[in-house]
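1. Okay, predicted coordinates and the sequence, questions at the end:
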Amino acid sequence: MSAGDSPQVETVQAGPSPPAWRELVLIFCLAVATIGSAPILHLADPILAIAVEVLVGIAIVVVVPTYAPAVAIFVLFFQNLFVSILSPLVPLPSDLDFIKGYNFLVCSVMWLATFGLYVLGQRNQSAEVNQIMRWGVITLAVVSLYFAVGFSQNGQPAAVYLRNIVLPLFLFQLSLLTAATYEVRITPFLVTVAVVLISCGYVEFAFRDFWLAITNGYTFWGFDELKATHSGVWEAEMRATGNVPVDLKDRFRFDFLNTPLLEGFGLSKMLRIHGPNMHPISFAYGIGFLALFLFSVGRPLLALAALPLLVLCSVKGALIVMVFVAAAWISTRLLGAVVTLLLGFLGLIAFAILAIRVGLQIGDYHVIGLMGGLNGFLEKPFGRGLGVGGNLSDSYFSIDWGAAQAAGTIDGAVESAIGVLLYQMGIAAFVPLGFYFAVALKAWRLYASSGYLTQGLAGFGVMVVLLNGLFQEEALFAPLALGLMLSLAGLVIGSHVRMQSVAREDAEFEHLTRYQPAT
């Protein structure tokens, strides 16, 4: 089935027509008010800000539950834009870091409220949903156990890794339970978000100084510079890359795709774009996701408009997702879903082996970090606890990258999400990884039977992001990477469950009315 056969996409096929523009405006106003008010309220009183955001999150789930997935996606994309605009009013870097956490608070509260209503029987409780939720709860329990172990050793890094690991799962369950219970039509919202993000990306690229001025970017990034200097991040990056930034734009300047493999092609350094979320890797994953989504719902021209921005972000992982998902779509049309899935597995495995081999040859620090994680896993197969090891550990700033490149490994795990998970959680790391993979297979099976491109995106997209987790921490820990894909997977699976339930109820009603005796 082609993209044009399903303009509303299966995930959100809730009706024959898209929502009215007034409803779309309401969703955006609610999302802007939800996250835009957080920095302002925090500057007045942090306790007040937390209380208000908690109440707003609960109110969204109770009053307008179908808006919850859209609000979650919006706050992940745009929170840092509001933080940046208001950054001149922020007194300390620690305050800025705290304010950046409100998107996690809002998403967590909406998840918790939705989960609570599910437990109380107010959300879909079909056998299929119950089974998925059961495995999700087991995953959360295992992660929480390793958080407790890690928190006793190093509290702050353990808390950060807990947030990074559980947020994608929260987004999946929030979307799953909402779509399984209500009609959730998110296509118009995502198309509108894509238009806004594409516009912001091109404005930043063409008018960098103007963008930094209107967003108060110099102040925002100034706080980041202070934190990076005091923590030793800059020193570690300079020793690892050899780059010594002079001004803010120098910090944005990278070799194309940040790899020495392209040096012979004469590609000079380029200014990365960071987008409204102020992070090039997250923005690239977000733009890549939206480009694929736009194509899947029959907006190919708008999808093509997003592709140059993906290149300008200069992020290998996001480009890899684009290539593999597009190849899977094409292969399914030519060879069928079963053959495509088999070839896809072989392709992902071959790519991983090749990337590791080449990475070791050129001294790529992502591969070196992965090797450290694998070695640490073999040393302690039951793990060490969240926060022990990884980019947030104190030892990260003292890594001798020259010696690490010569040895092909390090003592610890960095720059690789899967390497870090194996190092911190040991064999238990396969619990969240296995759950994500099972979700991807579920979405892919739906795609195999229906042909809806959006279901294929959700299924194979999660698999490719998991592959990228071998070579990037951001692939699994940045919400706009794995989090977006799992949110879409929750929508497609939940919508399928709801539509099956509606079909059964209609069939039962028809049976009763057909055979009811006349009076």
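-> Arrived safely.

2. When you work out contacts or count neighbours from here on, use the C-alpha atoms and nothing else.
-> Fine.

3. how about stretch 467-481: buried residues?
-> 467-481 (16 or more other C-alpha atoms under 10 Å).

4. Which element, helix or strand, includes E183?
-> Taking DSSP states H and E as the definition, one finds E183 inside no helix or strand.

5. how much space between it and S199?
-> 29 Å (C-alpha to C-alpha, to the nearest Å).

6. out of those two, which sits in the busier spot?
-> Between E183 and S199, counted using other C-alpha atoms under 10 Å, E183 has the larger neighbour count: 19 against 15.

7. Now do the helix or strand containing D224, average pLDDT.
-> Using DSSP H and E, D224 maps to helix 217-231. Mean pLDDT, helix 217-231: 73.

8. Equivalent analysis for stretch 69-76, please.
-> Averaged across stretch 69-76, pLDDT comes to 96.

9. Also stretch 294-309?
-> 94.

10. likewise stretch 158-169?
-> Computed over stretch 158-169, the average pLDDT equals 95.

11. Give the buried residues for that stretch.
-> 158-159, 161-169.

12. Just the strands from this protein, written as ranges.
-> 253-254, 270-271 (DSSP state E).

13. rank those by mean pLDDT and give me the bottom one.
-> strand 253-254 (a mean of 66).

14. and V184, how far is that from S487?
-> Taking C-alpha to C-alpha as the measure, V184 falls 12 Å from S487.

15. picking that back up, now, among the buried residues of stretch 467-481, which is nearest to L386?
-> F477 (13.0 Å; C-alpha to C-alpha).

16. Going along the chain, name the helices of the stretch 1-150 of the chain.
-> With DSSP state H, counting those that start in this stretch as the definition, the stretch 1-150 of the chain shows helices at residue ranges 21-44, 46-63, 68-85, 93-99, 102-119, 127-151.

17. Would you single out the least confident of the ones you listed?
-> helix 93-99 has the lowest average pLDDT among those, namely a mean of 84.

18. hmm, who's touching that helix?
-> By C-alpha atoms under 8 Å, 6 or more residues apart in numbering, the surrounding residues in contact with helix 93-99 are 38-39, 42, 83, 87, 90, 223-224, 226-227.

19. Count the residues that sit near the closest residue to L341 other than its chain neighbours.
-> Nearest residue to L341, sequence neighbours excluded (C-alpha to C-alpha, 6 or more residues apart in numbering): A328, at 7.8 Å. A328 sits with 24 neighbouring residues when counted by other C-alpha under 10 Å.

20. from memory A328 sits against V339, does it?
-> No. Counting by C-alpha atoms under 8 Å, A328 does not reach V339; the two are 10.1 Å apart.

21. Low-confidence ranges, the stretch 201-350 of the chain, go.
-> Residue ranges of the stretch 201-350 of the chain with pLDDT under 70: 226-269.

22. those helices in it, which residues are they?
-> 208-214, 217-231, 233-241, 248-251, 280-296, 300-313, 316-335, 337-362.

23. Turn the ones you listed into a markdown table, columns for distance to E128.
-> As requested, those are arranged in a markdown table below (distance: least, C-alpha to C-alpha, whole Å):
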| stretch | distance to E128 |
| --- | --- |
| helix 208-214 | 47 |
| helix 217-231 | 45 |
| helix 233-241 | 46 |
| helix 248-251 | 48 |
| helix 280-296 | 26 |
| helix 300-313 | 34 |
| helix 316-335 | 26 |
| helix 337-362 | 23 |
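
24. right, so these: which one is the most enclosed?
-> Of all the helices of the stretch 201-350 of the chain, helix 280-296 carries the top mean neighbour count, a mean of 25, counting by mean count of other C-alpha atoms under 10 Å.

25. tell me what that helix is packed against?
-> If you count contacts as 3 or more C-alpha pairs under 8 Å, 6 or more residues apart in numbering; DSSP states H and E, helix 280-296 packs onto helix 187-206, helix 300-313, helix 316-335, helix 453-468, helix 484-515.

26. chain center to the shortest one: distance?
-> It stands for helix 300-313. Mean C-alpha position of helix 300-313 versus that of the full chain (C-alpha atoms, centre = their mean, to the nearest Å) differs by 19 Å.

27. Over to the first one?
-> Computed by C-alpha atoms, centre = their mean, the separation of helix 187-206 from the middle of its chain amounts to 17 Å.

28. residues of it that come out buried?
-> For helix 187-206, burial by neighbour count (16+ other C-alpha under 10 Å) applies to 187, 189-191, 193-195, 197-198, 200-205.

29. Contacts for stretch 338-351, please.
-> 328, 331-332, 448, 464, 467.

30. Only alpha carbons, please: show that stretch as CSV.
-> Written as CSV, here are the backbone C-alpha positions of stretch 338-351 (Å, rounded to 0.1, in the frame of the first residue of the first chain):
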residue,chain,number,x,y,z
VAL,A,338,9.2,-11.4,5.4
VAL,A,339,12.1,-11.4,3.0
THR,A,340,12.7,-7.7,3.7
LEU,A,341,12.8,-8.3,7.5
LEU,A,342,15.3,-11.1,7.0
LEU,A,343,17.5,-9.0,4.6
GLY,A,344,17.1,-6.1,7.0
PHE,A,345,18.5,-8.1,9.9
LEU,A,346,21.4,-9.3,7.8
GLY,A,347,22.0,-5.7,6.6
LEU,A,348,22.0,-4.3,10.1
ILE,A,349,24.4,-7.0,11.4
ALA,A,350,26.7,-6.5,8.4
PHE,A,351,26.7,-2.8,8.9
